[in-house]
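[1] turn this into a structure:
(chains A and B)
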Protein chains: 2
Amino acid sequence: MNILILQEKLKEGLKIIEKISSKSLTLPILNNVLMSAEKSFLNLSATDLEIGVNWWALAKIEKEGKTTVPSNLISNFINLLPNEKIIIKEENNNLIIECKNYKTQLKGITAEEFPIIPKITNGEFININSAVFCQSLKQVAEIPIPSTTRPEISGVYLCFKKDSIVITATDSFRLGEKKLFLKAESSLKKEHSLIVPQKTIKEIINIFENKEGEIKIYFSPNQIMFELLMAETDHPQIQVISRLIEGEYPDYQKIIPEKNITQLTMDKNEFFNQIKSASLFAGKTNEIRIKTNLKNKEVFISSQSQEVGNYESSLLASAKGEEADIAFNYKFLLDGIMNIKSSEILLELNGDSGPGVLKPVGDQSYLYVVMPIKN
Amino acid sequence: MNILILQEKLKEGLKIIEKISSKSLTLPILNNVLMSAEKSFLNLSATDLEIGVNWWALAKIEKEGKTTVPSNLISNFINLLPNEKIIIKEENNNLIIECKNYKTQLKGITAEEFPIIPKITNGEFININSAVFCQSLKQVAEIPIPSTTRPEISGVYLCFKKDSIVITATDSFRLGEKKLFLKAESSLKKEHSLIVPQKTIKEIINIFENKEGEIKIYFSPNQIMFELLMAETDHPQIQVISRLIEGEYPDYQKIIPEKNITQLTMDKNEFFNQIKSASLFAGKTNEIRIKTNLKNKEVFISSQSQEVGNYESSLLASAKGEEADIAFNYKFLLDGIMNIKSSEILLELNGDSGPGVLKPVGDQSYLYVVMPIKN
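    Below you'll find the model as predicted:
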């Protein structure tokens, strides 16, 4: 291998790649990035055996070839170089890097030892705006929790339909559902429902959130692939391939209440701030209370603990339905409020033991169900 | 106690106070802030028994009194309140806080249990510009290390003279010395030399770095006090009182070389960047080499390790004296370079086993001595 590439370009690729490389003690090759030069492209690859990432850039290829070197090391080193031309040569699997007055040799491991990253070459796919898709993922990405007994809920449930993508996550205490309506009907012949590991979702957000234009999402029975093409070409720039979580996602529609007993519309920031203040006095149970005085259009937030003292505040609400007096874990409420983008928030309650639902005002696409603390 | 104060003002005081409150399990009172209302002032105090802090603000005092409450809790709570008037009342040592639509009660501990923070009421003092003093402290503040066998070097050595303050720190591998020349001769009748704990130095920087005007520094045999007055009054706004470290500071002047064999003047950022790049290849010994080629006005930076590979880079230097070939711990070099503010840096070398000295170019007030790695 003997190639020439600009520092800025290579830095951009390594930034994406190095996050996927794992710190594996048992399989040192997984710490490495596979660098291969073929035709007009430099290709970087990394995998942790769950997610694989490929990145390509146009480069001046004097001689084709490939090897692997530690991802962190090369990324840190390239970051410190000036934005000039870099010459990269491979000799006996080692990498020789020259840039202006810098010259270095990195010990490598032969590319043969690098695991094969699978590809999805046929099957259905859809196109979706990358920023819009990532913003939607962010509204549920923090909800799943690692679970060995219920691996399904450790992932995010994606349901690709003709006219929408439904994105759902739960940890069994709360549930977030985002509906992303497509501008044009997709060409999908059937629905694809799949459970994607939380780590993959977070990486997708990291990698594609600030990218312009559309990404392609490819489906296969055991894998999902996200692809961004190079501007004005058919050649991929980034591919992220992830395994799926097997199993049946819980039939969550059942727990989303169809009706409600109390409806409160409040200023979102004020509500957030008061829950946050109440949390300081909530003690070990994390319990805060929400109580209404519908006649005065007031909602009272309170909390108390033996050690710390007690707290009460109130805010204005436009309210419908019956009086409510209900306790929640403040952490679950705060998480839900943070996922809501509108300036006003709607809280629907169902007595002191039924689930509460948070919704943005004027936006039917998101809901967040949270279970109360029963006395 | 019954007082009225603006949220913004109280928040400012608690920010300073809460950092000093320790997380003491054996002495819970140290987690608390002492709040006392007397005459026209609210006074906040905290101590970890090594450092004590007092803060005052003008407030509307309806009724004098005092109590103590957990520092973190009240600080977090006040931070979340709107910037409005706050009413604070004390009842049976508990604190009742009311602000707009917020009302809360914090459990307190009686003020009698709070340790007395000593004061320095007589003796000599000097005035110094707080920003200039803090900038000088910062140039050595990170150098000391905790040491039970040599407690002297776990502090910063301050020597107050008629016309200057000399600030020194060492960990026995490197030493930083800053001379701060006074604009006007101080009124000191004698020199005061004392060793201040590193923690105190860092707190002084935190508290006074962005304050305008002058602070007063008071001396006593076992303590030092830093004081900022309220604008246009004689009343203190902030006082920080710290114990001193006992013992004799090492006679460090001996290790500052009087002559040198090689003198290299280099671009500071380029030198820093190349040492940083070399550090990636330095392996467990942290060793990087500096080698000169005086004829070509070149300095070569190199490093290598069995596992990672090897590195070499070069930069231009205007050089005097003999050729040099010397190894340093890169961490010590980087720390030293970071403390130097000029765009060019001077490195004076004394063979492969004598100490190296880093200095800013065009500024005689700072030097950083670093011992080489001997082969």
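[2] around chain B, pick out the residues from the stretch 151-300 of chain A.
    A:273-274, A:276-277, A:280-281 (Cβ under 8 Å from any Cβ of the partner chain). (C-beta placed from N, C-alpha, C; glycine too.)
[3] let's see that with 10 Å instead.
    A:270, A:272-274, A:276-281, A:298, A:300 (Cβ under 10 Å from any Cβ of the partner chain).
[4] quick one: buried ones out of those?
    Neighbour-count burial (16 or more other Cβ atoms under 10 Å in any protein chain shown) applied to these gives A:270, A:272-274, A:276-281, A:300.
[5] tell me which two of those sit farthest apart.
    Farthest pair in those (Cβ to Cβ) is A:270 and A:281. Separation: 17.9 Å.
[6] state the mean pLDDT of stretch A:169-177.
    The average pLDDT within stretch A:169-177 is 96.
[7] would you agree residue A:126 is in contact with residue A:163?
    No. Taking contacts as Cβ atoms under 10 Å, residue A:126 lies outside contact range of residue A:163: 11.2 Å.
[8] so for the lengthiest helix in chain A, mean pLDDT?
    If you go by DSSP state H, chain A has its longest helix at helix A:7-20. Average pLDDT, helix A:7-20: 96.
[9] that older thread, among the buried ones among the residues of the stretch 151-300 of chain A next to chain B, which are located in helices?
    Short answer: these in helices (DSSP H) are A:270, A:272-274, A:276-279.
[10] just the buried residues of the longest helix of chain A, please?
    A:7, A:10-11, A:13-14, A:16-20.
[11] nearest to residue B:2, of the residues you listed?
    Closest to residue B:2, out of all of the buried residues of helix A:7-20 and judged by Cβ to Cβ, is residue A:19, at 55.8 Å.
[12] looks like the closest one contacts residue A:47 (just checking).
    No. Counting by Cβ under 10 Å, residue A:19 sits too far from residue A:47 to count as a contact (11.8 Å).
[13] shared neighbours of the two, which are they?
    In terms of Cβ atoms under 10 Å, 6 or more residues apart in numbering or on different chains, residue A:19 and residue A:47 are both contacted by the residues residue A:53.
[14] residues contacting residue A:225?
    A:52, A:54, A:118-121, A:123, A:125, A:215-219, A:236, A:239-242 are the contacts of residue A:225 under Cβ under 10 Å, 6+ apart.
[15] same thing but at 7 Å, please
    Counting by Cβ atoms under 7 Å, 6 or more residues apart in numbering or on different chains, residue A:225 touches A:120, A:218, A:239-241.
[16] again with residue A:306
    By Cβ under 7 Å, 6+ apart, the neighbours of residue A:306 are residue A:283.
[17] report pLDDT for the spatially closest residue to residue A:76 that is not a sequence neighbour.
    Nearest residue to residue A:76, sequence neighbours excluded (Cβ to Cβ, 6 or more residues apart in numbering or on different chains): residue B:280, at 5.5 Å. Looking at residue B:280, its pLDDT is 97.
[18] and residue B:280, what does it touch?
    So residue B:280 contacts A:73, A:76-77 (Cβ under 7 Å, 6+ apart).
[19] backbone dihedrals for it, please?
    phi -70, psi -20 (degrees, to the nearest 10).
[20] same deal with residue A:201?
    Per degrees, to the nearest 10, the backbone of residue A:201 is at phi -60, psi -40.
[21] run a quick neighbour tally on it.
    23 (other Cβ atoms under 10 Å in any protein chain shown).
[22] what's the answer for residue A:234, then?
    6.
[23] and the gap between the residue of the stretch 151-300 of chain A found nearest chain B and residue A:224?
    Closest contact between the stretch 151-300 of chain A and chain B, by Cβ to the nearest Cβ, is at residue A:277 (4.6 Å). Per Cβ to Cβ, to the nearest Å, residue A:277 is found 42 Å from residue A:224.
[24] start to end distance for stretch A:28-37?
    22 Å (Cα to Cα, to the nearest Å).
[25] tell me the mean pLDDT for it?
    97.
[26] buried sites along it?
    Quick answer for stretch A:28-37 (16+ other Cβ under 10 Å): A:29-37.
[27] now find how far off-centre that stretch is within its chain.
    25 Å (Cα atoms, centre = their mean, to the nearest Å).
[28] please apply the same query to stretch A:85-99.
    Taking mean C-alpha positions (Cα atoms, centre = their mean), stretch A:85-99 and its chain are 35 Å apart.
[29] neighbouring contacts of that stretch?
    A:1-7, A:10, A:65, A:67, A:69, A:81, A:84, A:104-110, B:309.
[30] end to end on that stretch, go ahead and measure it.
    6 Å.
[31] contacting residues for the residue lying closest to residue A:65 once chain neighbours are set aside?
    Leaving aside its chain neighbours, residue A:65 sits nearest to residue A:1 (3.0 Å; criterion: Cβ to Cβ, 6+ apart). By Cβ under 7 Å, 6+ apart, residue A:1 lies in contact with A:37, A:63-67, A:88-90.
[32] then residue A:257?
    Contacts of residue A:257 by Cβ under 7 Å, 6+ apart are A:350, A:354-355, A:357.
[33] before we move on, back to that, just the buried ones from the contacts of residue A:1?
    When the contacts of residue A:1 are checked against 16+ other Cβ under 10 Å, the ones flagged as buried are A:37, A:65-67, A:88-90.
[34] stretch A:352-366: which residues count as buried?
    Going by 16+ other Cβ under 10 Å, stretch A:352-366 has these buried residues: A:354-360, A:366.
[35] nearest to residue A:248, of the residues you listed?
    For these, the nearest to residue A:248 is residue A:355 (21.6 Å; Cβ to Cβ).
[36] quick one: contacts for the closest one?
    Per Cβ under 7 Å, 6+ apart, neighbours of residue A:355: A:255, A:257, A:369-371.
[37] go again using 10 Å as the cut-off
    Residue A:355 touches A:174-175, A:255-257, A:260, A:348-349, A:369-372, counting by Cβ under 10 Å, 6+ apart.
[38] now residue A:260
    Counted by Cβ under 10 Å, 6+ apart, residue A:260 has contacts A:320-322, A:324, A:346-351, A:354-357.
[39] what are the phi and psi values at it?
    Given degrees, to the nearest 10, the pair of backbone angles that residue A:260 has is phi -150, psi 160.
[40] just the pLDDT for it.
    So, for residue A:260, pLDDT stands at 96.
[41] cool, the one 4 residues further on as well?
    The pLDDT attached to residue A:264 in the predicted structure is 98.
[42] got the angle for whatever helix or strand it lives in vs helix A:268-279?
    Using DSSP states H and E, residue A:264 sits within strand A:262-267. With axes from the mean of the first three to the mean of the last three Cα atoms, to 10 degrees as the basis, strand A:262-267 and helix A:268-279 are set at 100 degrees to each other.
[43] give the buried residues for strand A:262-267.
    Here strand A:262-267 shows A:262-264, A:266 as buried, counting by 16+ other Cβ under 10 Å.
[44] show me the contacts for the spatially closest residue to residue A:52 that is not a sequence neighbour.
    Sequence neighbours aside, residue A:117 is the residue nearest to residue A:52 in space, at 3.5 Å (criterion: Cβ to Cβ, 6+ apart). Contact analysis of residue A:117 by Cβ under 10 Å, 6+ apart lists A:34, A:45-47, A:49, A:51-54, A:239, A:241.
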